[in-house]
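S.K.: Sequence and predicted structure, then a few things I'm wondering about:
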Amino acid sequence: MWGIPLLGGNERADVILLKFLRARDFRVLDSLHMLEKCLLWRKDFGADSIVEEDLGFKELEGLVAHMHGYNKEGYPVVLERGINLLHFKPVGINSLVQVTDLKDMPMRELKVASNQILSLFQDKYPEMVARKIT
């Protein structure tokens with residue numbers, strides 16, 4: 001996951017697995033199910049290949065989706081591409097800042113979009129968001 005093998009005692013893998021355990025209050029079976037669902041979703045969605053993929057909206061890059069860099073605490077401000085910037089070490093930057101600009105979204109769609117974003121982060125990127133700015 002994110003280029004880190006989850007088996008084999010790697011300390012970076014330990015950091016990732018700990019995120020799933022924390023997300024499910026250290027209930028091991030629930031954490032395992034969450035991890036399995038996440039791995040299946042990543043495979044079905046093609047999340048690992050999306051980092052290099054041209055998503056067809058280059059003209060919007062920088063306006064609606066882009067790598068902003070780091071905030072003043074050192075957290076990357078992005079999603080999938082930013083995961084590659086995380087340290088995944090017991091001491092270090094292991095989460096990022098997620099910014100969602102919903103100011104021009106119609107109110108009825110705002111609630112649906114917010115719920116979808118929240119669900120995605122909780123289920124597929126546990127403990128990855130240090131700060132969320134909307």
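M.R.: Good, I have the coordinates.

S.K.: doesn't Leu96 make contact with Lys132?
M.R.: No: using CB atoms under 8 Å, Lys132 is not in contact with Leu96; the gap is 10.0 Å. The way it works is simple: take the backbone N, C-alpha and C, and place the C-beta from them, glycine included.

S.K.: Go through the helix or strand bottoming out on mean pLDDT in the chain and flag the buried ones.
M.R.: Sorted by mean pLDDT, DSSP states H and E, the helices and strands of the chain end with helix 80-83, the least confident at a mean of 75. Within helix 80-83, the residues scored as buried using 16 or more other CB atoms under 10 Å are 80, 82-83.

S.K.: repeat for stretch 39-50
M.R.: 42, 47.

S.K.: Contacts made by that stretch with the rest, please.
M.R.: 1-3, 53, 80, 123-124 (CB atoms under 8 Å, 6 or more residues apart in numbering).

S.K.: So what would you say the end-to-end distance of it is?
M.R.: 15 Å (CA to CA, to the nearest Å).

S.K.: Give the rounded mean pLDDT of that stretch.
M.R.: Stretch 39-50 carries an average pLDDT of 86.

S.K.: got it, and stretch 14-26?
M.R.: Mean predicted confidence for stretch 14-26 is 96.

S.K.: gap between stretch 8-21 and the chain center?
M.R.: Its chain's C-alpha centre and that of stretch 8-21 lie 15 Å apart, by CA atoms, centre = their mean, to the nearest Å.

S.K.: which residues touch that stretch?
M.R.: 1-2, 4-7, 28, 31, 34-35, 38, 87-90, 94, 126-128.

S.K.: Likewise for stretch 90-102?
M.R.: Counting by CB under 8 Å, 6+ apart, 11, 14-15, 19, 64, 68, 71, 74-79, 82-83, 85-88, 110, 113-114, 117, 121, 127-134 sit against stretch 90-102.
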